[in-house]
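Novice: Next input, structure requested:
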Amino acid sequence: MAWFPDGANSKPLFVTIYGTIIAGILFSAFYVFSAIYSSDGGISLQSAPTQVEESSFPRHVEPSGQAYNFSQPKEASGVFEHLNGSMKSIWEVPKPGSKMPPLNTFRLTKELVQQRVKDNVVIITFGNFAFMDFILTWVKHLTDLSVENLIVGAMDTKLLEALYWKGVPVFDMGSHMSTMDVGWGSPTFHKMGREKVILIDSVLPFGFELLMCDTDMVWLKNPLPYLARYPEADLLTSTDQVVPTVSDDSLDIWQQVGAAYNIGIFHWRPSNSSKNLAKEWKELLLSDDKIWDQNGFNELMRRQLGPSVDGDSGLVYAYDGSLKLGILPATIFCSGHTYFVQAMYHQLRLQPYAVHTTFQYAGTEGKRHRLREGMVFYDPPEYYDPPGGLLTFKPSIPKSLLLDGNHSIEAHFSLVNYQMKQIRTALYIASLLGRTLVMPPLWCRLDRLWFGHPGTLEGSMTRQPFLCPMDHVFEIHVMLSNMEESEFGPAINIREYSLFENPAMPPQVKDSWLDVHLCQEGSPGCQIPKGSVERGILQFPKRSTDATFKRIFAPFKDVKVIQFSSMQNAFSGFTNKKTEDKLRSRLKRYTGIWCCVENRTPGHIYYDMYWDEKPGWKPDTPATPEEDHPPW
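Specialist: Next up is the predicted model:
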């Protein structure tokens, strides 16, 4: 059979067919060009458009393991539409059995953002799937503060899908980024920075105020009323300032801020000056991939700085001479230094609005641990009840090591080493018992920085001694990495020192508790019970071997928390040398450096987990390049 009739009699039919086809093409072209040139059409965050294959979008998997079918609905409705004129509540998950909307539904458009705007303000963060828990923490803090005018930019479809099914407003940044973590300073890190600037430049023309945030910060207080106090400001930015310029909640004094403006927290108003800044910033970064986004921002902002806008507001003219800049006070819009090291807000009796995990030394794992130490990171319930149970102990520090004498390098290392030896024993025991170690609070005499300093920064509010973040001494990212078990023995899980103070700790965990009191073997009462212990207290001989630990604590494997009264002389050693050698190889890699001695190159000093086994050990910088390596 022929597809078309032939001959003269077929001409009218051909005319009809071709006419229909041509009309269809014209209509389709008109529709496509209307979508492209619509004033509020979708915006790509790429410098060049990228076609997204629907098949690359991951399927949602129900707990039962059944995946949703990705057949497309005939009409794509708004993903986070207003219901009855009100903003759809965050954490309101899609109905069971519903289908994932098509990817183009999540394009960044004015209409999509409008659904999350309140009082003309929208709050945005962005990231890839590796930062999922940071993003959920960020969102949870804001919703706990009754702030819901927020939306998250997803740099990969895995994150976009996950947030959608949790009821978190999300848009597609079209980045097609890896779902893995990115290291600071890496090419992918710089790509993320450029995506932020492209995003700002894309959103400002919508006409909304934009509070832009990094995912490694959390909100502790609703910032919107504070930002509204400065309606004339085109831009309000946080900084890396470590010396306070004010003692109240007013803006920092711009003439006294010498540190970099930090782009992890800043608020933009859609003025002509701020739009021009965003555009020029974007063009600067796209012209040279070696420029760090924050450095580019500071270069532009300080190109023309001053004079003050007036005598009262604290605003200053910057950038092009017409942009009105306000500098958020470092006392309450805290960096990792003013919050975790100085506790500046606490000393000044102020309530912090935010904490950003800057000034830390262990990558993403270090940031997560800092927030956990501060009890401001949201973990699932199982985090507080790990398999095998928890191990904790009461550390002891002589007053002379903590408070007496000058705060010198020698005094600092004597203090830290004394604590490190107890932690080393605790890690041994945690490994023997297969338990997760709750790290003790760590005290330091000297601050840690990237450059030479006299112990603390002049003008800062750092007290000596101070409760220092764990990443000041330990390589948290190494401790939590997947080290080869054949070489380093089994992994030892850790938790932050504040775990039992966290309100999220389930009561049933703390209710299952065994106190272990160390005693001198042979003394009255120091004997291993043959039955159950009384009042949850176990008398346990000092200097016990690994075999004794395993035998005595086997009946208590279901107890969730075992707490030792001390780690001094708790453990005598291993009976299996291979086991000991592997564990020693692991622990040697757990410690980092102190930095830095002034006027020395190199100026860092390595911490050594086994310092006490080296007669005459002293804290000193490497004398030669060959000696500049960790103690293993």
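Novice: Now do the same for residue 525: its pLDDT.
Specialist: Per-residue pLDDT puts residue 525 at 78.
Novice: isn't there a helix covering it?
Specialist: No. Read with DSSP: H, G, I helix; E, B strand; the rest coil, residue 525 is coil and lies in no helix.
Novice: Give me the below-cutoff pLDDT ranges for this protein.
Specialist: Scanning the chain with the threshold set as pLDDT under 70 gives 1-86, 176-193, 528-535.
Novice: Find the centremost residue of it, please.
Specialist: In the chain, the residue lying closest to the centroid (Cα atoms, centre = their mean) is residue 216, at 3.3 Å.
Novice: Hmm, residue 133 and that residue touching each other?
Specialist: No. With contact defined as Cβ atoms under 8 Å, residue 216 does not reach residue 133; the gap is 11.0 Å. Backbone N, C-alpha and C define where each C-beta goes, glycine included.
Novice: what touches both of those two?
Specialist: Contact with both residue 216 and residue 133 is made by no residue, according to Cβ atoms under 8 Å, 6 or more residues apart in numbering.
Novice: picking that back up, separation between the residue nearest to the centre of the chain and residue 356?
Specialist: In this view, residue 216 and residue 356 are 7 Å apart by Cβ to Cβ, to the nearest Å.
Novice: Common neighbours of those two, please.
Specialist: Shared contacts of residue 216 and residue 356, counting by Cβ under 8 Å, 6+ apart, come down to residue 264.
Novice: Just the buried positions in stretch 334-346, please.
Specialist: 334-345 (16 or more other Cβ atoms under 10 Å).
Novice: which among these gets closest to residue 389?
Specialist: When these are compared for distance to residue 389 (Cβ to Cβ), residue 340 wins out at 28.4 Å.
Novice: any idea how far the residue nearest to the closest one when sequence neighbours are not counted is from residue 616?
Specialist: In space, and not counting its chain neighbours, residue 340 is closest to residue 469: 5.1 Å by Cβ to Cβ, 6 or more residues apart in numbering. Using Cβ to Cβ, residue 469 is found at 30 Å from residue 616.
Novice: More neighbours: those two, which one.
Specialist: Per other Cβ atoms under 10 Å, whichever of residue 469 and residue 616 has more neighbours is residue 469, with 28 against 4.
Novice: For that one, give me its contacts.
Specialist: By Cβ under 8 Å, 6+ apart, residue 469 lies in contact with 336, 340-341, 360, 366, 369-370, 373, 442.
Novice: Same question for residue 537.
Specialist: By Cβ under 8 Å, 6+ apart, residue 537 lies in contact with 514-517.
Novice: Can you pull the phi and psi angles for it?
Specialist: Recorded main-chain torsions at residue 537 are phi -120, psi 130, according to degrees, to the nearest 10.
Novice: For it, list each beta-bridge partner.
Specialist: Counting by DSSP bridges, residue 537 is bridged to residue 515.
Novice: thinking residue 120 is in contact with residue 211, fair?
Specialist: No. Residue 120 is beyond contact range of residue 211, at 11.5 Å (criterion: Cβ under 8 Å).
Novice: Settle it for me: which of the two has more neighbours?
Specialist: Neighbour comparison, residue 120 and residue 211: the larger count goes to residue 211, with 22 against 11 (by other Cβ under 10 Å).
Novice: which SS state does the more buried one fall under?
Specialist: The three-state label given to residue 211 by three-state DSSP is strand.
Novice: So in terms of bridging, what pairs with the closest residue to it other than its chain neighbours?
Specialist: Nearest residue to residue 211, sequence neighbours excluded (Cβ to Cβ, 6+ apart): residue 123, at 4.4 Å. Taking DSSP bridges as the rule, residue 123 bridges to residue 150, residue 211.
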